[in-house]
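Student: have a look at this prediction, sequence included:
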Protein chains: 2
Amino acid sequence: MATIVDVAAAAGVSTSTVSYVLSGKRTISPATRSRVHRAIAELGYRPHAGARALASNRTDVIGLVAPLREDVDVNVIMQFVRSVTTTARGHDLDVLLLTKEEDAGLRRVSAGSLVDGLLVMDIEADDPRVEVLTGLDRPTVLIGVPRDPRGLSCVDFDFVGAARTVVTHLSALGHRRIAFLASPPRALDRHAGYAERVRDGFLDAARAAGVEAVHQPCEPGPAGVRRALDAVRAGLPGVGALVVHNEAALPALLALLAEEGLSVPGDVSIVTIAASAGDELPRPLTSLTVPVPEIGRTAVEMLVARIGGERTAETRLLGARLEDRGSTAAPRG
Amino acid sequence: MATIVDVAAAAGVSTSTVSYVLSGKRTISPATRSRVHRAIAELGYRPHAGARALASNRTDVIGLVAPLREDVDVNVIMQFVRSVTTTARGHDLDVLLLTKEEDAGLRRVSAGSLVDGLLVMDIEADDPRVEVLTGLDRPTVLIGVPRDPRGLSCVDFDFVGAARTVVTHLSALGHRRIAFLASPPRALDRHAGYAERVRDGFLDAARAAGVEAVHQPCEPGPAGVRRALDAVRAGLPGVGALVVHNEAALPALLALLAEEGLSVPGDVSIVTIAASAGDELPRPLTSLTVPVPEIGRTAVEMLVARIGGERTAETRLLGARLEDRGSTAAPRG
DNA sequence: ATGAAAGCGCTAACAA
DNA sequence: TTGTTAGCGCTTTCAT
């Protein structure tokens, strides 16, 4: 492996000149610069990441904390990961992946100077990691919003706004009984932030609009959907509108409705809040699309800003417009 | 941040003693060891990863190259990632995630001494990355087997053996016409290793068993499954056995058969080759389960061995037993 | 516009 | 069993 000394020798300059050519922190004459670049190319030189980190206190690596939970849609996780890694590379950052041993892992990579900052996914309302993170000296951005961010920056989808948009849309069509098919029970049990916020947003919006509402967690798969639908109908007889915030349950739901001879939107109106665009769903559905890639990109950019010295914490909520694909209509009768 | 010097001072020993306490490469008296440990705990000391990498030529980080392709089942990718990160942490390794800019990325992390070794997923028959990887000085393990591994170690599922097992099972039941519902066309177009090997294994086994066989790529989703089934029946009228190597297509396939009034295994026998155990599928199916977690674990362990100095390249193929869940029977008539 | 040289924090000879 | 110290390869003051 060629070192900066080899490059300097080959180019007939000092090592500091090579360093400055690479960092651009000093003005270098064009002649020198090109000689250095030629030497770098000829020797196939790459700076040693560890040496650079030691001398500069920067690793150019960010940590992505992605708990691979069973109750979170893997497609969504993958979309986040893809968006984060792509954006990070655009800022010349690499990504270290942490999936388990939450607290210890955070402390280890942070105190060990393995990463310049942390991106933490899937934040719960009272996420214990928030406490740990505030004790670390690394910039952190949360994907998700805890009850108390404690000075950490957050990015997320505006679930409350989304719920309001959906309820407004359905109530404007004349619906007075609206059910919400939510995430799996486990997600709610562990107080996943998104699950709670969209639930509260939905119930609040329904109250404000003066419509009857039921919020029902739902396992994906035919059996789970069947149970959830039964529960919904028990609580809200004659319900004519379904808000579905559970992409994995959609195929079974549509199959079940078809089986019952119910038409959409003739008998039942459906709006989804999902990460896939409405036209990539089992059938086109009126929907709000969670802009997962944008959230990932924004998170990286906020983290980059904080690594760069930006001090002020910020919570950013990204919204979505309702896209009408004809799966909602005025209620029967 | 406390450094090794602070710890040494607090414990009243030299820095090398602290270093040796941590690495265990020297015998330390119990008394000294405990004083050092106490100092470490009191100061909250963590070795600086960069400094350690610079001095020892080891980063304790491995690179995981995981192209997030559309035609690969995200669940499988997640299972791999989970297994790899978990196993890696068990060996005190962290995982750097690479998802794009294949060749440049490989060179960058390798020449830049960002990682001690590389794990590369989703290898194609003539994967261009193999050439790049052989030119790197880092130990590498491929998850998947290229036509010519060029001295790199490989781990994978024994797709050929699996195909043979399945064909033998069906032919023993009396089936003489067997169709294979394969990965999406895109996977075959890009010569994904697993897709080609299971195809060839299937066709060879069928020839050896003297049964008629058709291999049919298949898009997931109702429309894709419909087309694939039509093609199969056109090529093999009266086909009574289906080997399905496409987990995403299973729900639609089962729905379609039900719609046609065909019973399993009465009218059609089905065997799947899938990453989910047969009893986690839409309905219990006779199956061969691809041991994804074991493959990931083995890959990490082989990489650890090579990082540790093991020289000999090795290709390991993990097999699976056929689990009978009653979805196969002798053909009608 | 460029160079010289002092660290950054750790590991591993070499010594005792 | 423990200590001393020379690097590892880079960045960045301080000089010129």
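Tutor: That came through fine. Residues are numbered from 1 along each chain as shown, chains lettered A, B, ... in the order given.
Student: got the contact list for the residue in the stretch 51-200 of chain A that chain B sits nearest to?
Tutor: Going by Cβ to the nearest Cβ, chain B is nearest to A:Ala53 of the stretch 51-200 of chain A, at 3.1 Å. Using the backbone N, CA and C atoms, a C-beta is placed for each residue, glycine as well. The contact partners of A:Ala53, by Cβ atoms under 8 Å, 6 or more residues apart in numbering or on different chains, come to A:59-60, A:113, B:48-50, B:53.
Student: for chain A, which spans come out with low pLDDT?
Tutor: Applying pLDDT under 70 to chain A flags residues A:101, A:278-279, A:333.
Student: mind giving me the domain split of it?
Tutor: Chain A breaks down by automatic domain parsing into domains covering A:4-56, A:61-157+A:292-318, A:159-290.
Student: what sits against A:Ala213?
Tutor: A:167, A:177-180, A:202-203, A:206-207, A:236.
Student: then A:Arg147?
Tutor: By Cβ under 8 Å, 6+ apart, the residues touching A:Arg147 are A:125-126.
Student: sorry, back to before: of all the domains of chain A, which one is nearest B:Pro67?
Tutor: domain A:61-157+A:292-318 (10.1 Å; Cβ to Cβ).
Student: tabulate the domains of chain A (a markdown table), appending distance to B:Gly144.
Tutor: As requested, the domains of chain A are exported to a markdown table (distance: least, Cβ to Cβ, whole Å):
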| stretch | distance to B:Gly144 |
| --- | --- |
| domain A:4-56 | 27 |
| domain A:61-157+A:292-318 | 19 |
| domain A:159-290 | 28 |
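Student: which parts of chain A sit against DNA strand D?
Tutor: For chain A, the contact set with DNA strand D under Cβ under 7 Å from any atom of the strand comprises A:1, A:3-5, A:15-16, A:19-20, A:22-23, A:25, A:45-48, A:51-52, A:54-56.
Student: and A:Ser56, how many neighbours?
Tutor: A:Ser56 has 12 neighbouring residues, counting by other Cβ atoms under 10 Å in any protein chain shown.
Student: the one 5 residues further on too?
Tutor: For A:Val61, the tally of surrounding residues (other Cβ under 10 Å) stands at 23.
Student: which ones are touching it?
Tutor: Contacts of A:Val61 by Cβ under 8 Å, 6+ apart are A:93-96, A:114-116, B:96, B:114.
Student: same thing with A:Cys218?
Tutor: Residues in contact with A:Cys218, defined by Cβ under 8 Å, 6+ apart, are A:181-184, A:224-225, A:227-228, A:246, A:249.
Student: that one - nearest residue in space that isn't next to it in sequence?
Tutor: Using Cβ to Cβ, 6 or more residues apart in numbering or on different chains and skipping the chain neighbours, the partner closest in space to A:Cys218 is A:Ala228 (3.8 Å).
Student: element containing that neighbour?
Tutor: Using DSSP states H and E, A:Ala228 sits within helix A:222-235.
Student: contacts for that helix?
Tutor: Helix A:222-235 is contacted from outside by A:179, A:181, A:184, A:214, A:216-219, A:239, A:242, A:249, A:252-253, A:255-256, using Cβ under 8 Å, 6+ apart.
Student: what residues sit buried inside that helix?
Tutor: Across helix A:222-235, burial judged by 16 or more other Cβ atoms under 10 Å in any protein chain shown covers A:222, A:224-226, A:228-229, A:231-232.
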